[in-house]
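[1] requesting a structural model of the entry that follows:
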Amino acid sequence: MAVVDIQFLRLSENWALAFDKNQWIVQKRKAPSKTGGACRWAGVSFVGSNKDILWRVLREKGAEVDHAAREYIDAMPDTFREWISMPAERRFKAGHSAISGVVVGRIAPAPERSRDRAKKAA
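    Numbers count the residues shown, from 1 in each chain. Okay, the predicted model is just below:
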């Protein structure tokens, strides 16, 4: 059975946090392929221990973390095991501005960027 990761927290435009059953996964946005494919997210670090290590990895990777994402991470339990054992509705707080569209384990489309909205309006 394949392990599937789920992106749940947008840290900034080019950084996100995902998880699987064993760990948090720091993801970085990769450029679209030369053949015109969509942007994709690649796991760059895997943290199965605690939030202090997660913060260290984010600093070492040079990840940009916006204010809303910082607040979410600060409010998380100290360890991955504690976090993953929480009910999904507590892990993914509805309406939190840093959550990247996760609704109790499902991923919604990424938020539309302002320049994309401007194109539609034109």
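[2] alpha carbons of the helix or strand D52 falls within, as CSV, please.
    Using DSSP states H and E, D52 maps to helix 51-61. The C-alpha coordinates for helix 51-61 follow below in CSV (Å, rounded to 0.1, in the frame of the first residue of the first chain):
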residue,chain,number,x,y,z
LYS,A,51,7.9,21.0,16.5
ASP,A,52,11.4,22.3,17.5
ILE,A,53,13.0,20.1,14.8
LEU,A,54,10.3,21.2,12.3
TRP,A,55,11.2,24.9,13.0
ARG,A,56,14.9,24.1,12.7
VAL,A,57,14.4,22.4,9.3
LEU,A,58,12.3,25.3,8.1
ARG,A,59,15.1,27.8,9.1
GLU,A,60,17.8,25.6,7.5
LYS,A,61,15.9,25.2,4.3
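[3] so what secondary structure elements neighbour the helix or strand that that helix is followed by?
    Downstream of helix 51-61, the first helix or strand assigned by DSSP H and E is helix 67-75. Counting by 3 or more C-beta pairs under 8 Å, 6 or more residues apart in numbering; DSSP states H and E, the packing neighbours recorded for helix 67-75 are strand 6-10, helix 51-61. C-betas here are computed from N, CA, C, even on glycine.
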